[in-house]
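Asker: My questions are about this predicted structure, shown below with the sequence.
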Amino acid sequence: AQSLTSVQSMDDKARVSTVSGQQLEIVADFKIPGGLESLPERSEFGIAVLGCPNSFERTTIGVNPQAKLFTVDATRQANSFVQAGPLVPEDTDSIHIHAYIDHSIMEVILNNRTAITSGVKPRAASCGQVWLYGVDGVRIVAEMNVWQLATANNADLRGGGRPPPTPKGRADASFSRKRNNEHKGPK
């Protein structure tokens, strides 16, 4: 992981992460001093991800206290449905969201209890902005940390989405034997 940014909900400029991209890990904590039931109607809040510059295109990871649901809405990025899961516990005064975004796949975990995996399709590589929404710093206070993730397989995907060719010869076979011998354990 690289490029950590920490965002707190003081004003609009402080709600936008300086780290952007399509391979991210995001951890956000929302505190609701009076509890979720103290919030007025239509007080959905959460995180917008994969936002495109100068566009309404984005995916939202939201909490809807009135419906007692947490949602992933990627309908603006080629997903036909808003996905939802139960808000557990319903009467909480804090929400913890942990999300992994890897280009077209998102895994979102709420309060370490409910998870949603969603497919998304940002229209361009520049669609990677992240920000908090629905947070006013009074009724809802938030802190968000964002890390940009490196490619896991270290493949150069610039050449049409294929990893670089494997060297020919016995390199693969000898590597496999060596790995198998390392894991045999004590004799």
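Answerer: Thanks, I have the structure now. It should be emphasised that the depicted structure is a prediction, and the values quoted were computed from it without experimental measurement. Numbers count the residues shown, from 1 in each chain.

Asker: CA only for contacts and neighbour counts going forward, please
Answerer: Fine.

Asker: ok, and the helix or strand in this protein with the lowest average confidence?
Answerer: Taking mean pLDDT, DSSP states H and E as the measure, the chain has helix 171-182 as its least confident helix or strand, at a mean of 42.

Asker: remind me which residues of the protein are low pLDDT?
Answerer: 1-14, 137, 153-187 (pLDDT under 70).

Asker: Next, name the residue at the spatial heart of it.
Answerer: Ala99 (3.2 Å; CA atoms, centre = their mean).

Asker: And that one, how far from Asn145?
Answerer: Going from Ala99 to Asn145 by CA to CA, to the nearest Å gives 11 Å.

Asker: Can you pull the residues that touch both of these two?
Answerer: Contact criterion CA atoms under 8 Å, 6 or more residues apart in numbering; residues shared by Ala99 and Asn145: Ile26, Val27.

Asker: how about the strands in the protein?
Answerer: 2-8, 23-31, 45-51, 59-64, 69-73, 82-86, 94-102, 105-110, 114-119, 129-133, 141-148 (DSSP state E).

Asker: So for Val16, which of those strands sits nearest?
Answerer: Counting by CA to CA, Val16 lies closest to strand 129-133 out of the strands of the chain; the figure is 4.3 Å.

Asker: ok so, going back, in CSV, list the strands of the chain along with distance to Glu37.
Answerer: Output for the strands of the chain, formatted as CSV (distance: least, CA to CA, whole Å):
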stretch, distance to Glu37
strand 2-8, 23
strand 23-31, 13
strand 45-51, 14
strand 59-64, 11
strand 69-73, 13
strand 82-86, 15
strand 94-102, 12
strand 105-110, 18
strand 114-119, 20
strand 129-133, 19
strand 141-148, 15
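
Asker: Tell me, how many residues neighbour Val63?
Answerer: Val63 is flanked by 26 other residues according to other CA atoms under 10 Å.

Asker: For it, give its distance to Glu44.
Answerer: If you go by CA to CA, the gap between Val63 and Glu44 works out to 6 Å.

Asker: what do you get for Asp136?
Answerer: Taken as CA to CA, the span from Asp136 to Glu44 is 11 Å.

Asker: ok, the two, which is more surrounded?
Answerer: Set Asp136 next to Glu44 and count neighbours by other CA under 10 Å: Glu44 wins out with 19 against 16.

Asker: so what's the spatially closest residue to the more buried one that is not a sequence neighbour up against?
Answerer: Excluding its sequence neighbours, the residue lying closest to Glu44 (CA to CA, 6 or more residues apart in numbering) is Asn64, at 4.7 Å. Contacts for Asn64 were tallied using CA under 8 Å, 6+ apart; they are Arg42, Ser43, Glu44, Phe45, Phe70, Thr71.
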